[in-house]
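In: Give me a model of this one.
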Amino acid sequence: MEAKRMSDQELIQQYLSGNNIAIEKLINRHRTKVFTYIVLVVKNQQLAEDIFQDTFIKVIRSLVDGKYKDNGRFVSWVIRIAHNLIIDHFRKEKQINTLSNDDYEADIFNSKKFSDQNIEDLMIKDQITNDVRQLIDELPEEQKQVILLRHYGGLSFKEIADQTEVSINTALGRMRYALINLRKLLTRRNISLTLS
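Out: Just a heads-up that it's a prediction; the model follows:
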């Protein structure tokens, strides 16, 4: 059976039966979603790569130890592991809520894909990104989590519901309240999210 047609669980079984290529296929299948979530939370490419690697080391160990029970939520389980490793990292660094954007800013200014824009537009865009992230950090934890998982992690509301162990309606409700609260914060602080 071709790896593309195999389910996550079938690839896991293949790996546990000694097929090391199966775990590579599984990692590659979910690489973009997991890495995007990590890099958008930590805002540092090198740190994101380290956490991504640690995530899949932990995933592999957990699979070998039989800690994963198939429930069709493999990618949600992986993102939860990544999320916990991110929290652990910032607890160790004692930098929760005081992340540095130095690497992020340098990367933007040196990126060819932004070469058409002038430096002023880049600075405004960067400020908007920072403003939004700071506002998100002020939301209640449940609302912040659903925004990060949906808009930064690219998860569906079903995946968010599965990962946070709530109903889809609860996940949708948290998103609704998060957006309402963000609008209130924007208005209260007179923050504009446009380039002009």
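
In: Would you point out the helix or strand in the protein whose mean pLDDT is lowest?
Out: Counting by mean pLDDT, DSSP states H and E, the weakest-scoring helix or strand in the chain turns out to be helix 102-109, with a mean of 48.

In: Just want the most central residue of the chain.
Out: With the centre of the chain defined as its mean C-alpha position, the nearest residue by Cα atoms, centre = their mean is Y37, 1.8 Å away.

In: Look at G66 and give its secondary structure.
Out: Following DSSP: H, G, I helix; E, B strand; the rest coil, we place G66 in the coil state.

In: Now do the same contact list for it.
Out: With contacts defined as Cβ atoms under 8 Å, 6 or more residues apart in numbering, G66 is in contact with no residue. From N, CA and C alone the C-beta is placed, and that goes for glycine too.

In: list the buried ones in whichever strand or helix holds L85?
Out: Element membership of L85 [criterion: DSSP states H and E] is helix 74-93. Taking 16 or more other Cβ atoms under 10 Å as the basis for neighbour counts, the residues of helix 74-93 that come out buried are 74-83, 85-86, 89-90.

In: again with stretch 48-64
Out: By neighbour count on 16+ other Cβ under 10 Å, the buried set for stretch 48-64 is 48, 51-52, 54-56, 58-59, 63.

In: Adding distance to K25, pLDDT and secondary structure, write those out as TSV.
Out: Output for these, formatted as TSV (distance: Cβ to Cβ, whole Å; pLDDT from 0 to 100; DSSP: H, G, I helix; E, B strand; the rest coil):
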residue	distance to K25	pLDDT	secondary structure
A48	22	89	helix
I51	21	93	helix
F52	17	93	helix
D54	20	93	helix
T55	17	93	helix
F56	13	93	helix
K58	19	93	helix
V59	13	92	helix
L63	14	90	helix
